[in-house]
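Asks: sequence first, then the predicted structure, then my questions.
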Amino acid sequence: MERHVFEEGGKNIHFAVEGSTGGTSFGLHLAADTIANNGRVLWASSDLPDGTRFSQLFSHLSLVESSRFHAMNFGGKFERAIDAMIEAIHGLPSVKLVVLDDWCENTGRIPAQRVSQVSRLAQETGSEITLLLISKGSADASGKSENPIIARGENAMTEAGFETWKMWRRKEGAMRTIVVGDEILEVEIKDSGFHS
């Protein structure tokens, strides 16, 4: 199995994940790939990524390369965090990936105001920058979905210009299923990232 290369360039992605399956690791995987390709990454969340996991996923990058990872906290008003991200996009060279990890509450309906703010951010990123929003999906209690995970607010996010990707844990081990459009990927999480 080789480290997987995802085709996310320039897309707006709403990534709905089953809780504790590696959503943050997925974002860090894309971040490491972006930096390895001379891009810069902006990362925003309420908590910074786990230092050990960060070190594992960035172990193949030099300290100079790793300095192109810029993290900020959502603390305070969400719209102010979006303003700061937009300012950084325009102020820093070579931004290629913007990640908002756990950008909304873990359960319930995604507030329209949040969708509006990420839509505003998407307009600023354009087609040259990938915008990745990572959130917890809901379990499909109805049994109508082909997938065990439902992306909350999927219709609103689609209207806002986002593709919906999903990820859940297989029954055993480190295997994950990732759905990208019509494509279903079976990947394994290792220290260095996702392998297929």
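Replies: Arrived safely, thanks for sending.
Asks: where along this structure do the helices fall?
Replies: 23-36, 51-57, 63-66, 78-91, 112-125, 154-159 (DSSP state H).
Asks: quick one: list the elements packing against the fourth one.
Replies: In terms of contacts (3 or more C-beta pairs under 8 Å, 6 or more residues apart in numbering; DSSP states H and E), helix 78-91 is packed against strand 40-45, strand 69-73, strand 95-101, helix 112-125. Using the backbone N, CA and C atoms, a C-beta is placed for each residue, glycine as well.
Asks: recalculate using a threshold of 6 Å.
Replies: Here helix 78-91 touches strand 40-45, helix 112-125, going by 3 or more C-beta pairs under 6 Å, 6 or more residues apart in numbering; DSSP states H and E.
Asks: in the longest one, which residues are buried?
Replies: Across helix 112-125, burial judged by 16 or more other C-beta atoms under 10 Å covers 114-115, 117-119, 121-122, 125.
Asks: quick one, phi psi at Asp50?
Replies: Phi and psi for Asp50, reported as degrees, to the nearest 10, are phi -60, psi 130.
Asks: re earlier: save the helices and strands packed on helix 78-91 as CSV, and put in distance to Arg68 and mean pLDDT too.
Replies: Shown next, in CSV, are the helices and strands packed on helix 78-91 (distance: least, C-beta to C-beta, whole Å; pLDDT from 0 to 100):
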stretch, distance to Arg68, mean pLDDT
strand 40-45, 4, 96
helix 112-125, 17, 95
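Asks: between those, which gets nearest to Glu186?
Replies: Within the helices and strands packed on helix 78-91, the stretch nearest Glu186 is strand 40-45; the backing value is 26.3 Å (C-beta to C-beta).
Asks: relative to helix 78-91, how tilted is that closest one?
Replies: With axes from the mean of the first three to the mean of the last three C-alpha atoms, to 10 degrees defining the directions, strand 40-45 sits at 170 degrees from helix 78-91.
Asks: list the strands paired with strand 40-45, with their directions.
Replies: Paired neighbours of strand 40-45 in the sheet (DSSP bridges): strand 69-73 (parallel), strand 95-101 (parallel).
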